[in-house]
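Novice: Sharing a model that was predicted from the sequence below.
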Amino acid sequence: MELKEILLWIIASILVLNYLLSMSLSILNLLNLSETQPDELKQYYDEERYKKSQQYEREKSRFGMISETVMFVISFFFLIYGGYGWLDGWTHTVTTDLLWSTLLFFGTFALFSDLISIPFSLYSTFVIEERFGFNKTTLAVFISDRIKGYFLAGALGGSLLAMFVLFYQYTGSNFWIYMLAVFAVFMIVLNMFYTSLILPLFNKLTPLADGEVRTAIENYCQKNKFEITNLYVMDGSRRSSKANAFFSGLGKKKKIVLFDTLVNNYSKDELVAVLAHEVGHYKKKHTLFSMIFSILQTALLLWLLSVFINNEWFSLALGGTEYSLALSLIAFTLLYSPLSLITGILMNIYSRKNEFEADNFARVTFSAEALASALKKLSSDSLSNLTPHPMYVFFYYSHPPLLQRLKALQA
């Protein structure tokens with residue numbers, strides 16, 4: 001067996017193992033659904049609502065397993081039967097320029113991958129989410145979001161890919177150093193200006209109106225020496241009835257965004273508690289350290305890529321007839337996925353630790369009772385799974401399960 005065939009079957013085996021792992025974890029999570037309602041949540045989950053949350057989790061999981069299976073089968077046979085090599089060959093009939101052929105390859109691949117996923121997104125949004133009373137998205141908004149997403153991905157992703165190709169052409173194996181600098185700047189700028197430049201393309205942001213809630217929030221921030229000038233309400237109800245809040249930015253560019261579904265349905269103390277949690281992320285420098293860890297992850301990925309990118313066997317394994325930068329990138333990405341899984345698990349562990357710390361900050365500086373009440377409501381309103389399997393949590397959860405958070409708040 002030639003080296004290219006060995007590499008092909010290694011990549012195929014990684015795809016299969018990733019799929020089997022995902023399916024196994026989903027099955028474990030489904031089997032862990034409990035018909036016994038947790039006592040801590042009976043105030044917010046009556047028997048009927050609890051059963052509804054179980055049904056919601058089952059439908060989401062089963063549909064997710066079906067859609068993932070379809071995508072796996074398509075990806076597997078596309079790999080085995082030389083689809084990547086065929087696509088690369090086609091791009092070179094259009095243009096032989098390295099920059100434009102690479103952009104064409106990934107642009108075409110991304111577009112067709114997304115088009116395949118559209119029926120699943122439609123069913124998830126307009127059938128499952130609609131059935132359980134969450135969906136507020138219209139077909140016009142769905143199409144508009146998709147089109148905007150294409151332009152945004154083309155502009156940002158295309159620019160980053162173009163810079164990568166140019167650095168590769170003109171700096172050789174040192175391209176990873178220059179590309180790391182670009183990614184670092186990109187991450188910092190995106191974090192600082194996402195709420196100002198990207199989010200308004202999809203949602204309307206308005207300053208939180210003067211009144212009892214804003215006064216309570218400002219008093220809390222003043223007491224805890226947190227300068228707050230950018231406090232916004234987002235029209236999350238345009239797409240879903242689920243509530244949320246998030247923090248972004250650094251320094252004077254920091255912003256806290258509350259969904260209108262949160263502002264309209266939660267008490268003053270619950271809103272201040274949610275904001276206190278977000279302030280905790282800032283005070284504990286979670287955003288900053290998460291960004292640093294992401295940059296370190298990117299450095300590892302780019303350095304390893306610089307070591308293997310010139311390997312002709314990568315291209316041949318994917319059905320190419322000669323070396324191809326695009327095929328090398330695809331092969332490396334697939335081979336890197338086990339390491340990506342490990343770094344993803346580590347980041348989730350770190351993220352869950354951060355959530356406990358932010359909860360504790362809100363408990364100390366404001367109220368454990370108010371935050372617990374808000375968390376229970378958020379869980380009930382979104383019909384979240386109250387009994388996820390520990391292994392599923394370990395691999396996928398960026399936030400601790402609700403009952404763990406409530407127990408920590410009571411400690």
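Specialist: That came through fine.

Novice: need the helices for the stretch 151-300 of the chain, in chain order.
Specialist: Per DSSP state H, counting those that start in this stretch, the stretch 151-300 of the chain carries helices over the ranges 158-171, 175-193, 212-223, 260-265, 268-283, 286-308.

Novice: Let's see the pLDDT reported for the residue nearest to Ala153 when sequence neighbours are not counted.
Specialist: Here the nearest residue to Ala153 in space, its sequence neighbours aside, is Ala110; by CB to CB, 6 or more residues apart in numbering that works out to 6.8 Å. Where you see a C-beta, it was placed from the backbone N, CA and C, and this is true even at glycine. Ala110 carries a pLDDT value of 94.

Novice: Sticking with Ala110, tell me its helix or strand.
Specialist: Per DSSP states H and E: Ala110 is located in helix 98-123.

Novice: circling back: closest to Tyr232 out of the helices of the stretch 151-300 of the chain?
Specialist: helix 260-265 (10.2 Å; CB to CB).

Novice: so how far is that closest one off the chain centroid?
Specialist: 23 Å (CA atoms, centre = their mean, to the nearest Å).

Novice: List the buried residues for that helix?
Specialist: For helix 260-265, the neighbour count (16 or more other CB atoms under 10 Å) marks 260-263, 265 as buried.

Novice: The helix ranked longest in the chain: what's the following helix or strand?
Specialist: Secondary structure of the chain per DSSP state H: the longest helix is helix 325-365. The helix or strand immediately downstream of helix 325-365 is helix 368-382, counting by DSSP H and E.

Novice: Export the following helix or strand past that next one to CSV, keeping only CA atoms.
Specialist: The helix or strand immediately downstream of helix 368-382 is helix 390-396, counting by DSSP H and E. Extracted C-alpha coordinates of helix 390-396, given in CSV (Å, rounded to 0.1, in the frame of the first residue of the first chain):
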residue,chain,number,x,y,z
PRO,A,390,-21.4,13.9,32.6
MET,A,391,-19.4,12.7,29.6
TYR,A,392,-21.5,14.9,27.3
VAL,A,393,-20.9,17.8,29.6
PHE,A,394,-17.2,17.1,29.7
PHE,A,395,-16.9,17.1,25.9
TYR,A,396,-19.3,19.8,24.8
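
Novice: counting contacts, what elements does helix 390-396 pack onto?
Specialist: helix 3-31, helix 325-365 (3 or more CB pairs under 8 Å, 6 or more residues apart in numbering; DSSP states H and E).

Novice: Return the most buried member of those.
Specialist: Ranked by average neighbour count under the criterion mean count of other CB atoms under 10 Å, the helices and strands packed on helix 390-396 are headed by helix 325-365 at a mean of 18.

Novice: okay, the angle between that one and helix 368-382?
Specialist: Orientation of helix 325-365 against helix 368-382 (axes from the mean of the first three to the mean of the last three CA atoms, to 10 degrees) gives an angle of 140 degrees.

Novice: quick revisit: looking at the helices and strands packed on helix 390-396, which is nearest to His399?
Specialist: helix 325-365 (5.1 Å).

Novice: Let me see the contact set for Leu41.
Specialist: Counting by CB atoms under 8 Å, 6 or more residues apart in numbering, Leu41 makes contact with 50, 376, 379-380, 386, 402-403.

Novice: quick one: low-confidence ranges for the stretch 251-400 of the chain?
Specialist: For the stretch 251-400 of the chain, the stretches with pLDDT under 70 are 251-253.

Novice: what about Asn32, neighbour count?
Specialist: Using other CB atoms under 10 Å, the number of residues around Asn32 comes to 15.

Novice: That one touches Met391, doesn't it?
Specialist: No - at 9.1 Å, Asn32 does not count as touching Met391 under the criterion of CB atoms under 8 Å.

Novice: ok, Arg58 touching Asn29?
Specialist: No - counting by CB under 8 Å, Arg58 stays clear of Asn29, with 10.0 Å between them.
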